[in-house]
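Peer 1: I would like the atomic coordinates for the input below:
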Amino acid sequence: MIYLSNQNIAELLTPKDCIEALDEAFHALARGEAASRPRTDVWVPCGRDDGYYRWGSMEGAIEPWGIFCTRMKSDIVTWTREGTDELHCVEPGTFSGFLMLFSTRNGEPLAMMNDGILHHLRVAAGAALGVRYLARENASVVGCLGSGGMAHAYLPAFCAVRKISQVKVYSPTQAHRETYAKEMSRELGIPVEPFDDPEPVVRGSDIVTTCTDSNKLVVTDPTWIEKGMHLANCSSKEFSFEIVKRCDIVAQVGAETFGAKGGMAESERHHGWASWVVGRPEQQARIPKRPVSNLDFVNYPSLIDLLNNPSMRRTSPAQITFFHNLGLLGFQFAAVAAKAYQMARAKGVGLEMSTDPFLQDIRD
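Peer 2: Below you'll find the predicted structure:
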């Protein structure tokens, strides 16, 4: 058994590695050889008036690879007056998220990993698959709303599946967007221009992506959306549903809800995931409601549908396509974690750990 740190994973995996691992895994899922349990959260008052404790977990398995993965995270969530979500564990600037990888051949614990780098690589790889299967082949201009960690991950992933020649970026903080533009231009060797207004970033772009931590809608004006565009989100809270309905093709990476039949629809619509919430009504009222929910996308085709039926993909350069990049989280973590483990073993990377703390001689 090994432990892989964020630094180990950053040295092992490239965006292209993760894209190809996810693509292969989604083909296995399309054949019925994989499974994903939707994310579930538990919310508990944390002793402060501006936040809540949140525990989140999700799992996935890929049978041909012989692996099962669980991802867990422990957060204190607070909400700013500007409408963003802030997370920390113990103190601001530290976070607790990790994965456990197991063998489905003999049940053996294989690895424990930090989830930070894997999370960014996974989400970006999913968005890149949306670009691969829905964006125009000649798409070359990216408009990015957001300049944080996900924006840093999305752009290299897009460059791995399309020949990107120009990027425009907007985020509310001038220093952040200017720093992002300099860093990404240097990393990718293409011009990245910061803007102080989101509209020109959206207009004229071939691919428009939102990478924000906003709990309010980010793009709401349907007139900004032009023929031939491909839209990609990072959260259901970013594009208004009026924009979604204007698109010719809408697809989701995969369902991440139990839906009405699971008896969790109300919590999923409010919190984003199936959630169990402790607290008095006035405490629960602190948690912002989502303007658009994952449930709004459950009846749209999934990435699996696009793989099984290519006729459901873009058929005209004028079509507007939308990829809802939020779903099948546990399965996706299984795919990228398995790739990291495989490469770590091949290269002798990681801290060896005893399995003794995870095995016992008492049947439970």
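Peer 1: how far away is Val250 from Phe323?
Peer 2: For Val250, the distance to Phe323 equals 8 Å [CB to CB, to the nearest Å]. In short, each C-beta sits where N, CA and C put it, glycine included.
Peer 1: please disregard the earlier target; I meant Asp296.
Peer 2: 14 Å.
Peer 1: quick one: which of these two has more around it?
Peer 2: Phe323 (29 against 18; other CB atoms under 10 Å).
Peer 1: relative to Glu33, how far out is the residue nearest the centre of the chain?
Peer 2: The residue lying closest to the centre of the chain (CA atoms, centre = their mean) is Val123, at 3.3 Å. Taking CB to CB as the measure, Val123 falls 23 Å from Glu33.
Peer 1: now His88
Peer 2: 38 Å.
Peer 1: for Phe102, same thing?
Peer 2: 17 Å.
Peer 1: tell me which of the two has more neighbours.
Peer 2: More neighbours surround Phe102 than the other of Phe102 and Glu33, with 21 against 14 (other CB under 10 Å).
Peer 1: using CSV, write out every CA atom in the helix or strand hosting that one.
Peer 2: For Phe102, the element it lies in under DSSP states H and E is strand 96-103. Output in CSV follows, covering the C-alpha atoms of strand 96-103 (Å, rounded to 0.1, in the frame of the first residue of the first chain):
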residue,chain,number,x,y,z
SER,A,96,-9.1,17.9,4.2
GLY,A,97,-9.8,15.7,1.2
PHE,A,98,-8.5,12.2,0.5
LEU,A,99,-9.1,9.1,-1.4
MET,A,100,-8.8,5.4,-0.6
LEU,A,101,-8.2,2.9,-3.5
PHE,A,102,-9.0,-0.8,-3.0
SER,A,103,-8.6,-3.9,-5.1
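Peer 1: for the record, mean pLDDT for it?
Peer 2: If you average the pLDDT over strand 96-103, you get 98.
Peer 1: could you say what helices and strands that strand packs with?
Peer 2: strand 67-79, strand 109-114, helix 116-134, helix 329-347 (3 or more CB pairs under 8 Å, 6 or more residues apart in numbering; DSSP states H and E).
Peer 1: contacting residues around it?
Peer 2: By CB atoms under 8 Å, 6 or more residues apart in numbering, the surrounding residues in contact with strand 96-103 are 66-75, 89-90, 108-116, 118-119, 333-334, 337-338, 341.
Peer 1: can you select the buried ones among those for me in ChimeraX?
Peer 2: A single ChimeraX command selects the buried members of those (16 or more other CB atoms under 10 Å):
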select :67,68,69,70,71,73,74,75,109,110,111,112,113,114,115,116,118,119,333,334,337,338,341
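Peer 1: low-confidence ranges, the chain, go.
Peer 2: 259-262 (pLDDT under 70).
Peer 1: where do the helices sit along it?
Peer 2: For the chain, helices defined by DSSP state H occupy the ranges 6-12, 15-30, 116-134, 149-161, 174-188, 198-202, 241-246, 265-271, 281-284, 303-308, 329-347.
Peer 1: for the last one, which positions count as buried?
Peer 2: Along helix 329-347, these residues count as buried under the neighbour rule (16+ other CB under 10 Å): 329-341, 343-344.
Peer 1: looking at those, which is nearest Arg314?
Peer 2: Gln332 (22.8 Å; CB to CB).
Peer 1: report how many residues lie close to the closest residue to that closest one other than its chain neighbours.
Peer 2: Leaving aside its sequence neighbours, Gln332 sits nearest to Arg122 (CB to CB, 6 or more residues apart in numbering; 5.1 Å). Residues lying near Arg122 (other CB under 10 Å) number 24.
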